[in-house]
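K.L.:
Pasting the sequence and the predicted coordinates here, then a few questions.
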Amino acid sequence: MVFLVLTGVLQFAYCIIAGNYPFNAFLAGFSATVGQFVLTASLRMQSNPANKEHFKEVSQERAFADFIFGSLILHFFCINFIN
């Protein structure tokens, strides 16, 4: 998750310093980074044994399958947004 935060900060800093000529490419990359961070945080919350009482009906396999499916959908839209 630290890697995703650093990647987002670097992308944002590059956009400010070098400009944002292909703005849709910046938006797609930054959205992919933020989206992947959210999906990873969700997976960690659902697979943490301390949170079992909050996610009683979600198994670890189901949480991982949701993570993979969400990642595929996220990256599909980001690649299509780049054009």
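P.N.:
Looks like it came in fine.
K.L.:
only C-alpha atoms for contact and neighbour calcs from this point on.
P.N.:
Will do.
K.L.:
for the residue nearest to the spatial centre of the chain, what are its contacts?
P.N.:
Nearest to the geometric centre of the chain sits residue 36, at 1.0 Å (CA atoms, centre = their mean). Taking CA atoms under 8 Å, 6 or more residues apart in numbering, we find residue 36 in contact with 4, 71, 74.
K.L.:
and whichever strand or helix holds the last one, how far out from the chain's middle?
P.N.:
Residue 74 belongs to helix 60-82 when elements are defined using DSSP states H and E. On the basis of CA atoms, centre = their mean, to the nearest Å, helix 60-82 is displaced by 9 Å from the centre of the chain it belongs to.
K.L.:
Check which helices and strands that helix sits against.
P.N.:
helix 23-47 (3 or more CA pairs under 8 Å, 6 or more residues apart in numbering; DSSP states H and E).
K.L.:
quick one: the helix it packs on to helix 60-82, angle?
P.N.:
Here helix 23-47 points in a direction 170 degrees away from that of helix 60-82 (axes from the mean of the first three to the mean of the last three CA atoms, to 10 degrees).
K.L.:
Helix 23-47 - what's its average pLDDT?
P.N.:
Helix 23-47 comes out with an average pLDDT of 92.
K.L.:
Show me which parts of that helix are buried, residue by residue.
P.N.:
Neighbour-count burial for helix 23-47 flags 25-37, 39-40, 43-47 (criterion: 16 or more other CA atoms under 10 Å).
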